[in-house]
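> here's a sequence, model it:
(2 chains)
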Protein chains: 2
Amino acid sequence: MAEPFGARLRERRRELGALCVGIDPSASVLEAWGRPPSSEGLEYVAREILEVVGELVAVVKVQVAFFERFGSVGLRVLERVLDDARDVGVLTIADAKRGDIASTNEGYAEAWLGATSPLRSDAVTASPYLGVGALAPLYRVAGESGRGVFVLAATSNEEGRDVQEARDAQGRRVRDLVLDEVAARNERRDGLGSLGVVLGATRDSPQFDLSRLGGPVLVPGVGAQGGSLEQVARLSAACAPDTVIVNVSRAIAAAGPDRGALRDATRRWRDDVATL
Amino acid sequence: MAEPFGARLRERRRELGALCVGIDPSASVLEAWGRPPSSEGLEYVAREILEVVGELVAVVKVQVAFFERFGSVGLRVLERVLDDARDVGVLTIADAKRGDIASTNEGYAEAWLGATSPLRSDAVTASPYLGVGALAPLYRVAGESGRGVFVLAATSNEEGRDVQEARDAQGRRVRDLVLDEVAARNERRDGLGSLGVVLGATRDSPQFDLSRLGGPVLVPGVGAQGGSLEQVARLSAACAPDTVIVNVSRAIAAAGPDRGALRDATRRWRDDVATL
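Alright, predicted model coming up:
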């Protein structure tokens, strides 16, 4: 079995810090970079960002929707981006937010975490609307292949509160149920399990004691989405040491397409999150 | 602008009834049909089911995970299945359960509902963990292209209850918030809006008055997943007339690969739901 994702992430994080660069080749980024709204434009932007940032950071997060937008041809581009990432050695999180039940989740698990899948990533994001427990096939395949899963707990957008802050019959909030279940399922290997959560920096702290999560905490929404570094630092202080990963997408892509500017922006953000 | 999805669905439902056949070419179906666990096996099973059932029912639902499992090659197969469906004239629901925020949802909307996307389907399923309101780009693109969205409200699996039955500060359950928001956004054209919900037959009735949803209700979980026709009939009675669509996947695929048996099973299920 491959070395578990949690151990690999901890190792690279030690070396390169807490920054995760989001590869989000959206329509507006393609336009800002002067590239056509086509799979060629997509491929240029995505591989260019990866080439510049791949050696600077521990992990990149690819936003699957922007590849899927171009159908199977777009997913083929994503497969090449993931190939590139493996060559460079940077870890990859496929931000797919998949989630279903039973054998359907096995399909998604094989797609994103299967040892020989062309879309295999080091970790995938998962959405628990059909139940945190329903994601079990993803946890299982991740364990078998040394990969990881980040389950959405609380996101940084306002609209998410209706669902994420709702309470069960015992008064526990949905986001805390997610944290609780992930903590219960994490195998603590080398100090960091392979099951993580997505937790927006712009939210109040959960009731759940984050220091006992046992896995990584992926924090989106920093920079363009309104989250501040102070909020991230507060969240980080509530987590176990060295477990927070901070994703920055738009604020870095906006520095492109100039390679030097892209590199500088990445280094600046890397320094900004160095103390987390 | 194309004729809205709701109007097209109502028309075909009038003609062919409430049955939706699920095209779920899972690993176990491929094996049961004696086909290899490859994109070739996938393509054979998916196109064969479509060819037999396409003229018998109003709508088919393709389970995206089983195509995604094979990466970009699998999605290319799905594009061919969707092409076939357009040729036959059967409506398609892409069961993708996508859901994110802002521009990311625009990516998904373009992928599944965009007028020229290779993956374009007549409707897509969406997951509201990041907020029912966050799905707005999907609703907008669906409206522009005459397509539809089915938002997950309550699913048929037990694990889903933690999230779907949780309550907001006003005591309203998450599933009811979904129903409420979809009802509020539906444009009632020709008596049936283009925004629907997914509602498991194995659940208690929601507090929300389903008769004012204004859009179609997709009911999964019938047959192999334990939902009974009596439960569906009860749910249907609570909805506006002629708005329920009943999905059957495994119980029909299990009759294959023999074409005659597949056809007979489809006709039997079609008759069974004829009175809904």
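> determine the longest helix present in chain A.
Counting residues, the longest helix found in chain A (DSSP state H) is helix A:71-88.
> so how far is stretch A:88-106 from its chain's centroid?
10 Å (CA atoms, centre = their mean, to the nearest Å).
> buried residues in that stretch?
When burial is assessed from 16 or more other CB atoms under 10 Å in any protein chain shown, stretch A:88-106 yields the following buried residues: A:90-101, A:103-106. Just so you know, the C-beta spots here come from the backbone N, C-alpha and C atoms, and that holds for glycine as well.
> and that stretch with chain B, contact?
Yes. Using CB under 8 Å from any CB of the partner chain as the criterion, contacts between stretch A:88-106 and chain B involve A:K97, A:R98, A:G99, A:D100, A:I101, A:A102, A:S103, A:T104, A:N105, A:E106.
> what about these, which are in strands?
A:K97, A:R98 (DSSP state E).
> what residues sit buried inside the longest helix of chain A?
Neighbour-count burial for helix A:71-88, with 16+ other CB under 10 Å as criterion, is recorded at A:71-79, A:81-82, A:84-85.
> stretch A:10-20 too?
Applying a neighbour-count criterion of 16+ other CB under 10 Å, the buried positions in stretch A:10-20 are A:R10, A:R12, A:R13, A:L16, A:G17, A:A18, A:L19, A:C20.
> repeat that for stretch A:234-243.
By neighbour count, with 16+ other CB under 10 Å as the criterion, the buried positions of stretch A:234-243 are A:L235, A:S236, A:A238, A:C239, A:A240, A:D242, A:T243.
> show me those residues that map onto helices.
Within the buried residues of stretch A:234-243, residues falling in helices by DSSP H are A:L235, A:S236, A:A238.
> just those now: which is nearest B:L210?
A:L235 (40.1 Å; CB to CB).
> does the closest residue to the closest one other than its chain neighbours belong to a helix, a strand or coil?
Once its chain neighbours are removed from consideration, A:L235 has its nearest residue in A:A201; the separation is 5.5 Å (CB to CB, 6 or more residues apart in numbering or on different chains). Three states are possible here, and by DSSP: H, G, I helix; E, B strand; the rest coil the one that applies to A:A201 is coil.
> report how many residues lie close to A:A201.
26 (other CB atoms under 10 Å in any protein chain shown).
> could you do A:L113 as well?
The local packing of A:L113 (other CB under 10 Å) involves 29 other residues.
> and the gap between it and A:P137?
Using CB to CB, to the nearest Å, one gets 10 Å for the distance from A:L113 to A:P137.
> next, the buried residues of whichever helix or strand A:L262 is part of.
With secondary structure defined by DSSP states H and E, A:L262 is part of helix A:259-272. Taking 16+ other CB under 10 Å as the basis for neighbour counts, the residues of helix A:259-272 that come out buried are A:L262, A:R263, A:A265, A:T266, A:W269, A:R270, A:D272.
> and that helix, what does it pack against?
strand A:19-23, helix A:39-53, helix A:250-253 (3 or more CB pairs under 8 Å, 6 or more residues apart in numbering or on different chains; DSSP states H and E).
> swap the cut-off to 10 Å and go again
Contact analysis of helix A:259-272 by 3 or more CB pairs under 10 Å, 6 or more residues apart in numbering or on different chains; DSSP states H and E lists strand A:19-23, helix A:39-53, helix A:229-238, strand A:244-248, helix A:250-253 as its packing neighbours.
> that older thread, out of the residues of stretch A:88-106 next to chain B, which two sit at the greatest distance?
By the measure CB to CB, the residues of stretch A:88-106 next to chain B have their two most distant members at A:K97 and A:S103, which lie 19.3 Å apart.
> element containing the closest residue to A:A253 other than its chain neighbours, please.
Computed as CB to CB, 6+ apart, the closest residue to A:A253 that is not its neighbour in sequence is A:V29, at 5.0 Å. Secondary structure assigned from DSSP H and E places A:V29 in helix A:27-32.
> how about low-confidence regions in the stretch 101-250 of chain A?
Low-confidence segments of the stretch 101-250 of chain A, defined by pLDDT under 70, span residues A:188-190, A:225-226.
> how does it look with 80?
When the per-residue scores of the stretch 101-250 of chain A are filtered using pLDDT under 80, the ranges that remain are A:187-191, A:202-206, A:221, A:223-227.
> hmm, A:D242 is touching A:R12, no?
No. Counting by CB atoms under 10 Å, A:D242 sits too far from A:R12 to count as a contact (11.4 Å).
> if we can go back for a sec, alpha carbons only: can I get the helix holding A:V29 in PDB?
Extracted in PDB, the C-alpha atoms of helix A:27-32 (Å, rounded to 0.1, in the frame of the first residue of the first chain):
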ATOM      1  CA  ALA A  27     -14.300  31.600 -18.000                       C
ATOM      2  CA  SER A  28     -13.200  34.900 -16.500                       C
ATOM      3  CA  VAL A  29      -9.600  33.700 -15.800                       C
ATOM      4  CA  LEU A  30      -9.300  32.500 -19.400                       C
ATOM      5  CA  GLU A  31     -10.500  35.900 -20.600                       C
ATOM      6  CA  ALA A  32      -8.200  37.800 -18.300                       C
END
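> give the buried residues for it.
Under the neighbour-count criterion of 16+ other CB under 10 Å, helix A:27-32 has A:A27, A:V29, A:L30 buried.
> turn these into CSV, including pLDDT.
Supplementary listing: the buried residues of helix A:27-32 in CSV, determined by pLDDT from 0 to 100:
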residue, pLDDT
A:A27, 97
A:V29, 98
A:L30, 98
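> what's the closest of those to B:L179?
Closest to B:L179 out of these is A:A27 (31.6 Å), distances taken as CB to CB.
> surely the closest one and B:G107 touch.
Yes. Under the criterion of CB under 10 Å, A:A27 makes contact with B:G107 at 7.8 Å.
> so what sits against both of the two?
Any residue near both A:A27 and B:G107 by CB atoms under 10 Å, 6 or more residues apart in numbering or on different chains counts here, and that gives A:F66, A:R69.
> just confirm A:D95 is within a helix.
No. Counting by three-state DSSP, A:D95 is not found in a helix; it is strand.
> which pLDDT value belongs to it?
Here, the pLDDT recorded for A:D95 equals 98.
> hey, what's it bridged with?
With beta bridges defined as DSSP bridges, A:D95 has these partners: A:Q63.
> any chance of the helices and strands packed on helix A:259-272 in CSV, plus distance to A:R172?
Formatted as CSV, the entries for the helices and strands packed on helix A:259-272 read as follows, by distance: least, CB to CB, whole Å:
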stretch, distance to A:R172
strand A:19-23, 29
helix A:39-53, 38
helix A:229-238, 18
strand A:244-248, 23
helix A:250-253, 34
